[in-house]
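# Just need the structure, nothing else, for what follows:
(one chain, ligands or ions: 1)
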Amino acid sequence: MAYIYDDQNIFAKILRGEIPNQTVLETAHTLAFNDIQPQAPIHVLVIPKGPYVCFDHFCLEASEAEIVDFHRAAGEICRQLGVQPGMGGGGYRTISNAGEAAVQDVPHYHLHILAGRKLGPMLMRAPG
Ligand code: 5GP
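As a prediction, the model looks like this:
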């Protein structure tokens with residue numbers, strides 16, 4: 001089964017300029033902007049400009065230029081935000097939700113970059 005990209009998703013509309021965003025960084029293949037409902041003092045979403053549904057779709061089908069550009073952009077954002085733990089920053093967390101199990105809301109691949117407070121354990125522990 002192949003991925004089917006829904007070009008009416010909210011990030012596709014942001015990329016087409018139909019919905020405004022607070023841009024943090026834009027490169028040839030990548031756009032990064034602030035999350036509308038931040039879950040930490042810093043909450044940036046990094047998205048490829050191409051039509052990829054989720055992480056594995058992007059990794060398997062994007063060009064090398066897109067993949068390199070995306071990750072360089074994400075690193076550059078960490079640098080600009082001053083959160084790099086090896087450079088005196090307080091650290092950060094990257095998250096990418098894919099599909100139902102991870103409760104992915106927007107079906108356009110995106111990387112969350114969260115920082116600015118103690119982020120706690122990676123996952124809530126299951127009860128019992
Ligand atoms: P997901 O649950 O798919 O991993 O995350 C989707 C993220 O997109 C959420 O953190 C949500 O707050 C954010 N989001 C949803 N709609 C918009 C929007 O219109 N603009 C921005 N900047 N972020 C959005």
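# Show residues contacting stretch 42-49.
The contact list for stretch 42-49 (C-beta atoms under 8 Å, 6 or more residues apart in numbering) reads 11, 14-15, 24, 28-35, 58, 62, 66, 70, 73-74, 77, 81, 83, 92, 108-116. Glycine gets a C-beta too; all of them are placed from N, C-alpha and C.
# So which of the residues you listed are in strands?
Applying DSSP state E to the contacts of stretch 42-49, the entries found in strands are Val24, Thr30, Leu31, Ala32, Phe33, Asn34, Leu111, His112, Ile113, Leu114, Ala115.
# Which of those residues has the largest number of neighbours?
In terms of neighbours by other C-beta atoms under 10 Å, the ones in strands among the contacts of stretch 42-49 top out with Ala32 at 24 neighbours.
# Contact residues of the chain facing the ligand?
10, 19, 21, 33, 35-37, 45, 97, 103-106 (C-beta under 6 Å from any ligand atom).
# Have a look at the chain and report its longest strand.
The single longest strand within the chain, with elements called by DSSP E, is strand 42-48.
# Now the spatially most central residue of the chain. Nearest residue, chain neighbours left out?
With distances taken as C-alpha atoms, centre = their mean, the residue of the chain nearest its centroid is Leu111 (1.9 Å). With C-beta to C-beta, 6 or more residues apart in numbering as the criterion, Leu111 has its nearest non-adjacent residue at 4.4 Å, and that residue is Val46.
# and the one you found, how far is that from the ligand?
According to C-beta to the nearest ligand atom, to the nearest Å, Val46 and the ligand sit 11 Å apart.
# who does that residue bridge with?
Ala32, Leu111 (DSSP bridges).
# Could you check how many residues crowd around it?
Val46: 23 neighbours (other C-beta under 10 Å).
# same thing with Gln104?
Residues near Gln104, counting by other C-beta under 10 Å: 17.
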